[in-house]
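S.K.: Here's a sequence, model it:
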Amino acid sequence: MKKPSSPTTGVLPPSSPSDGITPAYDCIEDIIYELWDYCMELEDEYHKTGNHSVLCQFAITIMAVQYLEDILLSMEGVDVFGFYF
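M.R.: Modelled structure (predicted):
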């Protein structure tokens, strides 16, 4: 895989106070923490029910957490591609 020439952009677009829209999150860490909490709920539900669709939701949410953590590390200047490859 070819290393990107520039870091990826974040998932939260900049907003101005004048547009009347209040962001749901202050920082990317808040999104990650909320997703981790959701993962814990899904894990508990799976252990109680054994439902395969809950397991799939858990796996997809974990991948979203990993993606957002990679973005956070990239924003902090960590070479994520060099770390994995």
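S.K.: tell me which residues of the longest helix seen in the chain are tucked away?
M.R.: Of all the segments of type helix in the chain, defined by DSSP state H, the longest one is helix 52-75. Buried residues in helix 52-75, defined by neighbour count with 16 or more other Cβ atoms under 10 Å: 54, 57, 58, 61, 65, 68, 70, 71, 72, 74. The way it works is simple: take the backbone N, C-alpha and C, and place the C-beta from them, glycine included.
S.K.: Of all these, the one with the weakest confidence?
M.R.: Across the set of the buried residues of helix 52-75, residue 74 stands lowest in pLDDT, at 84.
S.K.: Okay, buried residues for whichever strand or helix holds residue 39 please.
M.R.: Element membership of residue 39, judged by DSSP states H and E, is helix 28-49. Going by neighbour count (16+ other Cβ under 10 Å), the buried part of helix 28-49 is 28, 31, 32, 35, 39, 42, 46.
S.K.: Same list (the residues you listed) but as a markdown table, adding distance to residue 22 and pLDDT.
M.R.: What follows is the buried residues of helix 28-49, written out as a markdown table (distance: Cβ to Cβ, whole Å; pLDDT from 0 to 100):
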| residue | distance to residue 22 | pLDDT |
| --- | --- | --- |
| 28 | 17 | 88 |
| 31 | 15 | 93 |
| 32 | 20 | 93 |
| 35 | 20 | 95 |
| 39 | 26 | 95 |
| 42 | 28 | 96 |
| 46 | 34 | 96 |
